[in-house]
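In: here's my sequence, what's the structure:
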Amino acid sequence: MDIVCALQTFMRVVETGSFSAAAADLRRTQPAVSRQVSALEAHLNMRLLHRTTTALALTAEGEQIIPMALKVIEAVEALSETTCRDGGRVAGKVRLALPTPLGLYVSDRLGTLLERHRGLSVDLLFREEPSDLVEEGIDLEVRLGTVADCSLMCRRIGWTTAFLVAAPSYLQGRAAPKTPDDVSAHDCICYNRAGNGRAWSFSNGAEDVAVRIAPRLVASNAVAVHRAVLAGNGIAVLSHILVGSDIEEGRLVNVMPDFPPSRFAISVVYPSRRNLPLRIRTVLDFLVEIVGEDPLMSPISSH
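Out: Here you go, the predicted structure:
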């Protein structure tokens, strides 16, 4: 029996919470995953999981071996990474969660990475709220703003740039807002990311202003908000990734340019592990690279 492979399978079962989820993640059959965990239990002469028809739970012994299993897996991955640095092959799957606008930006550019590393695959998960990385088996997640979870490793890779926008048809017969105080009088369309759908914040570099609004439309997906704004249904705060070309080509108007939406840190978080596998480090480095290529995501933006 390959003890390292068995430990990796056991940890994936623990992280995902079921044999079926672990099997899907590992691209194996559920019986094969179950047999491998059973073989590990037989090898160690101890039961690691309580199994019922509806749930799995760790035994006391299962709880005890997790730190040791992680050390073994980390050591093997570190050894593999050392070997790969000398021309080895980046291979395996990386699960990457990120907000919709940035997800679209990444997906447009991901072909370059996948062509560079033919053995690598990436699962893109579009998420509007923070995930439970361990429970869902997510390797990397992009988050906006302050990262409060101190149990995670965090790397800042850029800053958001957003615009307050409206369609020309919406602005016909209406005065465009000139200051944050004017915003609440308009039909506001809100991207309700992580529950922040009732307030917008703006900054002119010298003053930060938060505006409470009563939105006419709230959506948990930025693409839906984008389409509603293009249809002339109101004003919205949206990422430059979604609306940059619309502003350039006149489909949307950048209103209140002297008092734009506040900027927030773009960070990548991942579970607190000492050695990142090469496949994950490769995707992380790629995110740093492509975000750094966009001047509107740099610390100092001249939008």
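In: rest of the way, CA atoms for contacts and neighbours
Out: Will do.
In: ok, Cys5 to Leu40 distance?
Out: Applying Cα to Cα, to the nearest Å, the value for Cys5 to Leu40 is 10 Å.
In: so which of these two has more stuff around it?
Out: Leu40 (23 against 14; other Cα atoms under 10 Å).
In: pLDDT value on that one, please?
Out: Leu40 is assigned a pLDDT of 91 by the prediction.
In: so where's the chain shaky on pLDDT?
Out: Applying pLDDT under 70 to the chain picks out residues 1, 77-88, 193-197, 272-275, 300-303.
In: show me where the stretch 201-303 of the chain has strands.
Out: Under the criterion DSSP state E, counting those that start in this stretch, the stretch 201-303 of the chain carries strands at the ranges 208-212, 217-219, 235-239, 253-254, 265-271.
In: buried stuff in stretch 206-217?
Out: Val209, Ile213, Ala214, Pro215, Leu217 (16 or more other Cα atoms under 10 Å).
In: shouldn't Ala65 be within a strand?
Out: You called it Ala, but residue 65 is Ile. No. With DSSP: H, G, I helix; E, B strand; the rest coil as the criterion, Ile65 is located in helix rather than a strand.
In: who does the residue nearest the centre of the chain form a beta bridge with?
Out: With distances taken as Cα atoms, centre = their mean, the residue of the chain nearest its centroid is Leu98 (2.2 Å). Counting by DSSP bridges, Leu98 is bridged to Phe126.
In: would you agree it is in contact with Ile138?
Out: No. The pair Leu98 / Ile138 is not scored as a contact, 10.7 Å apart, by Cα atoms under 8 Å.
In: for the protein, what spans make up the helices?
Out: Taking DSSP state H, the helices of the chain run over residues 3-16, 19-26, 30-44, 60-84, 100-116, 133-136, 168-171, 222-230, 240-248, 278-292.
In: can I get the first one in PDB, CA atoms only?
Out: Provided in PDB are the C-alpha atoms of helix 3-16 (Å, rounded to 0.1, in the frame of the first residue of the first chain):
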ATOM      1  CA  ILE A   3       1.000   5.100   2.700                       C
ATOM      2  CA  VAL A   4       1.400   8.600   1.400                       C
ATOM      3  CA  CYS A   5      -1.400   8.300  -1.100                       C
ATOM      4  CA  ALA A   6      -3.600   6.700   1.500                       C
ATOM      5  CA  LEU A   7      -3.000   9.500   3.900                       C
ATOM      6  CA  GLN A   8      -3.800  12.000   1.200                       C
ATOM      7  CA  THR A   9      -7.000  10.300   0.500                       C
ATOM      8  CA  PHE A  10      -7.900  10.100   4.200                       C
ATOM      9  CA  MET A  11      -7.200  13.900   4.500                       C
ATOM     10  CA  ARG A  12      -9.400  14.700   1.500                       C
ATOM     11  CA  VAL A  13     -12.200  12.700   3.000                       C
ATOM     12  CA  VAL A  14     -11.800  14.600   6.300                       C
ATOM     13  CA  GLU A  15     -11.700  18.000   4.400                       C
ATOM     14  CA  THR A  16     -14.700  17.300   2.200                       C
END
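In: flag every buried residue along it.
Out: Buried-residue list, helix 3-16, by 16+ other Cα under 10 Å: Ala6, Leu7, Gln8, Thr9, Phe10, Met11, Arg12, Val13, Val14, Glu15, Thr16.
In: on that earlier part again, how about the helices of the chain, which one is nearest Thr52?
Out: helix 19-26 (11.6 Å; Cα to Cα).
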